[in-house]
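Engineer: predicted model and sequence below, questions to follow.
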There are 2 protein chains.
Amino acid sequence: MDKSPLVLLDLVSRLGNLMRTEGRRVGQDEQLQSVHVEALVYLSKANRYSNTPQALAEYLGVTKGTASQSLLLLDRRGLIERYQDDLDRRVVRLRLAATGEQFLYDAQPQLAWQHATRNISPNRIRNAVSALRETLTTFQLDNEGTAFGECAGCQHFERLSARAYRCGLMGDRLSGPDTRKICWLYEEKGSGVGEGE
Amino acid sequence: MDKSPLVLLDLVSRLGNLMRTEGRRVGQDEQLQSVHVEALVYLSKANRYSNTPQALAEYLGVTKGTASQSLLLLDRRGLIERYQDDLDRRVVRLRLAATGEQFLYDAQPQLAWQHATRNISPNRIRNAVSALRETLTTFQLDNEGTAFGECAGCQHFERLSARAYRCGLMGDRLSGPDTRKICWLYEEKGSGVGEGE
DNA sequence: AATATTGATTTCGACTCGATACTACATTAA
DNA sequence: TTAATGTAGTATCGAGTCGAAATCAATATT
């Protein structure tokens, strides 16, 4: 019986905890908790379908009530802006305010991690990424969660021409940069996940 | 410029968050938060030098005050036992109570993760482990943290004979099972960490 | 038009967490 | 021996997290 999956779990949990601590450290000048920093980072990466409290809650793995609290705080501090969606007036859209952009630029929340991985070859990192990504996808499938991902690799992604793309699910055209943001409607191409042992 | 370290960070954070949620889920029958579950798991793996509030706090990445609170709760619930050290009466030693052992056995906090990793080959997992372990060690060195680890791979580990071992730092003899628990005095063999790019 | 569903917010209570202060014991220096 | 310093752990406080449940408003379904 192989114990290495448990060792991996241990490492992921510990690194996750450390990064949460790191997030707290990074945000303390602005009185932010690590969840708040994570939320800001998320908003800087979310595409136009995914900048809502709902998607954020799924991403962070908290309930929507909790997410609402955090967003309230970020709004009070002027780090984000909230505005209503035109088509569906229940939906609240979120956007980093200039202050929020500046904060991310100044605080560099990922710096410590980049340092910690500096001696690991790109290749080993990509291998680790692939293993963890598969773990995440499988876990999400097991638990009816949302996977999140970029257009490349998504079932609904269509290429219209050399530089024109389209989301088959939403029916919108997408720009190049659009396709590199993360989306909570993401669905893995080739629905089957496990190809067996 | 390679973005994959940041992708890895993202995956580790998200999986960390998910496992925290999972820990909460697992503990809800017993009214435990994920930190409590993590503490119990830690105590089930900690060796004789590492079963103290101090070591636990370092491991979980919280302050000793916070750790103290969590331990108080676990004690009230009868999941752990606390007793004084004979040599240094300031030191509190911790041990899983029978109820705590039973809880871990019943709740299987790692089950969801084991499922999520079921389709990943042992080899890929070991590669990911090695990359993350190096990340953790480097991070700890950067931040004067404690690395934790098993005797194999520790500077202070000495083999006396086929089945007799010794910790050079504490001067104690160790049994075989002892050497497979985790220790907060662990120091990586070959102190140099980064061999450059 | 009535009902169900959905996105978001509010409220509540238990708990986390860092900061600070404090107690008890241990080690060192005088 | 005593005094000063250091260390392990606990207590307390306040801001905030978090899930659960209730609520509200807008949209879908019937």
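Structural biologist: Yep, that arrived.
Engineer: which stretches of chain A form strands?
Structural biologist: For chain A, the strands defined by DSSP state E occupy A:80-84, A:92-96, A:157-159, A:165-167, A:173-174.
Engineer: which one of those has the most crowded surroundings?
Structural biologist: Mean neighbour count (mean count of other Cβ atoms under 10 Å in any protein chain shown) peaks for strand A:165-167 among the strands of chain A, with a mean of 19. In this view, the C-beta of every residue, glycine as well, is placed from N, C-alpha and C.
Engineer: that one: partners in the sheet, and parallel or antiparallel?
Structural biologist: Here strand A:165-167 is paired, per DSSP bridges, with strand A:157-159 (antiparallel), strand A:173-174 (antiparallel).
Engineer: how about the residues of chain A near DNA strand C?
Structural biologist: A:21, A:24, A:28, A:52-55, A:64-65, A:67-69, A:71-72, A:82, A:88, A:90-93 (Cβ under 7 Å from any atom of the strand).
Engineer: point me to the residue of chain A nearest chain B.
Structural biologist: Per Cβ to the nearest Cβ, residue A:16 is where chain A lies closest to chain B, at 1.8 Å.
Engineer: taking the residues of chain A next to DNA strand C, please make a PyMOL selection of just the buried ones.
Structural biologist: Those of the residues of chain A next to DNA strand C that count as buried under 16 or more other Cβ atoms under 10 Å in any protein chain shown are selected in PyMOL with:
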select buried, chain A and resi 21+24+52+53+55+67+68+71+82
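Engineer: and chain B, which of the residues of chain A next to DNA strand C contact it?
Structural biologist: residue A:21 (Cβ under 8 Å from any Cβ of the partner chain).
Engineer: among the residues of chain A next to DNA strand C, which ones are in helices?
Structural biologist: A:21, A:24, A:53-55, A:64-65, A:67-69, A:71-72 (DSSP state H).
Engineer: export the strands paired with strand A:165-167 to a markdown table and append columns for distance to residue A:119 and mean pLDDT.
Structural biologist: Output for the strands paired with strand A:165-167, formatted as a markdown table (distance: least, Cβ to Cβ, whole Å; pLDDT from 0 to 100):
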| stretch | distance to residue A:119 | mean pLDDT |
| --- | --- | --- |
| strand A:157-159 | 35 | 93 |
| strand A:173-174 | 37 | 92 |
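Engineer: so which of those gets nearest residue B:42?
Structural biologist: Across those, residue B:42 has its closest neighbour in strand A:157-159 (42.8 Å, Cβ to Cβ).
Engineer: contacts for the closest one?
Structural biologist: By Cβ atoms under 8 Å, 6 or more residues apart in numbering or on different chains, the residues outside strand A:157-159 that reach it are A:151, A:165-168, A:179.
Engineer: among the residues you listed, which pair sits farthest apart?
Structural biologist: Checking the contacts of strand A:157-159 with Cβ to Cβ, the most distant pair is A:168 and A:179, at 12.9 Å.
Engineer: so between those two, which is more surrounded?
Structural biologist: residue A:179 (18 against 11; other Cβ atoms under 10 Å in any protein chain shown).
Engineer: wait, which of the ones in helices among the residues of chain A next to DNA strand C is closest to residue B:36?
Structural biologist: Of all these, residue B:36 sits closest to residue A:21, with 17.9 Å by Cβ to Cβ.
Engineer: would you check that the closest one makes contact with residue B:58?
Structural biologist: No. Taking contacts as Cβ atoms under 8 Å, residue A:21 lies outside contact range of residue B:58: 11.2 Å.
Engineer: and the residue of chain A closest to chain B, how far from residue B:122?
Structural biologist: 23 Å (Cβ to Cβ, to the nearest Å).
Engineer: gap between residue A:24 and residue B:41?
Structural biologist: Residue A:24 sits 23 Å away from residue B:41, taking Cβ to Cβ as the criterion.
Engineer: what of residue A:185?
Structural biologist: Residue A:185 is 35 Å from residue B:41, by Cβ to Cβ.
Engineer: likewise residue A:45?
Structural biologist: The spacing between residue A:45 and residue B:41, counted by Cβ to Cβ, is 32 Å.
Engineer: same question for residue A:156.
Structural biologist: Taking Cβ to Cβ, one finds residue A:156 at 39 Å from residue B:41.
Engineer: for chain A, which residues are neighbours of DNA strand D?
Structural biologist: Going by Cβ under 7 Å from any atom of the strand, the residues of chain A near DNA strand D are A:31, A:33, A:35-36, A:60-63, A:65-66, A:69-70, A:73, A:87-90.
Engineer: same thing but 6 Å
Structural biologist: A:31, A:33, A:35-36, A:62-63, A:65-66, A:69-70, A:73, A:88-90 (Cβ under 6 Å from any atom of the strand).
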